[in-house]
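1. Following is a predicted model, sequence given first.
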Amino acid sequence: MVIPTYNEVANITDVIHRLRAAELDIDILIVDDNSPDGTGKIADSLADSHTFVLHRDKKTGLGPAYLAGFGWGVTRNYDYFVEMDADGSHQPEELHRLLSAAVSNDLVLGTRWMVGGRVVNWPIIRRLISKFGTKYAAVALGLPYRDLTSGYRVLSRQLVFDILRSDLQTLGYGFQIEIVRLAAQENLKIAEVPITFIERVAGTSKMSKKIVIEAFLMTTTWGIKRVFNRR
């Protein structure tokens, strides 16, 4: 399990304790981007035989943090890789359902916008932006999935190899869309599992206009290329 962190001192301890309480056969890698609030030090204090910490020099985006974590895991021969946010929005108690689906799929998306999925404590505007964003990406890229930006997912070793060999271009949450796009291009098996997403109650969101614009522009570019490549 790869958990990127930047200024998550208020959340990381609870997330790790909940993961341990889930009693799953997992190892946890916290990838900290030199958090000025001391998250890295807290992560070090949580380290044990199944919890590890990878310190990076600076914050360069969600995508690079995951790539560093994937590279770390590949060299240690893990078969499955889990993405999960450090802010408590993804529920460790639901992970067993994603892992079960991963046995027969290369990418399992924890999906908010399907039957059984839900979002807690989001205002209507956030819901509309999220739904529009993933719908726009799905139409532009010709993908049938309902939550392309979800950050709670399981990836097979094969997909992670493909990601590390590819020249992924996005740094922020567009990275999640790019992974689904790559998996579909490689004809890998993709499944969706409903999840409950709970808005963070502590700390500050890393979402910004820059991240949203990057994802929108890259998705539009990929969509245009897709249309012209079909002609």
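-> Right, received. Where do you want to start?

2. Phi and psi next, for the most centrally placed residue in the chain.
-> Taking C-alpha atoms, centre = their mean as the criterion, Gly151 is the residue nearest the geometric centre of the chain, at 2.9 Å. Backbone torsions for Gly151, taken as degrees, to the nearest 10, come to phi -100, psi 10.

3. same deal with the one 5 residues further on?
-> In this entry, Ser156 is assigned phi and psi values of phi -80, psi 160 (degrees, to the nearest 10).

4. Check Ala43 too.
-> Main-chain dihedrals, Ala43, degrees, to the nearest 10: phi -60, psi -40.

5. before we move on, the earlier item: what about the residue nearest to the residue nearest to the centre of the chain when sequence neighbours are not counted, neighbour count?
-> Nearest-residue entry for Gly151: Asp85, 5.1 Å, with adjacent residues in sequence omitted and distances by C-beta to C-beta, 6 or more residues apart in numbering. All C-beta atoms are positioned from the backbone trio N, CA, C, and that covers glycine. Asp85 has 20 neighbouring residues, counting by other C-beta atoms under 10 Å.

6. For Asn34, give its distance to Ser45.
-> For Asn34, the distance to Ser45 under the criterion C-beta to C-beta, to the nearest Å works out to 17 Å.

7. The two: which has the busier surroundings?
-> It is Asn34, of Asn34 and Ser45, that has more neighbours when counted by other C-beta under 10 Å, with 12 against 9.

8. In contact with that one, which residues are there?
-> The contact partners of Asn34, taken as C-beta atoms under 8 Å, 6 or more residues apart in numbering, are 40, 55-59.

9. Give me the three-state assignment for it.
-> When classified by DSSP: H, G, I helix; E, B strand; the rest coil, Asn34 comes out as coil.

10. Torsion angles phi and psi at it?
-> Per-residue torsions, Asn34: phi 60, psi 50 (degrees, to the nearest 10).

11. So it versus Lys58, what's the distance?
-> 5 Å.

12. can you give me the helices in this structure?
-> With DSSP state H applied, the chain shows helices at 12-21, 39-46, 62-74, 95-102, 124-141, 157-165, 174-185, 209-229, listed in chain order.
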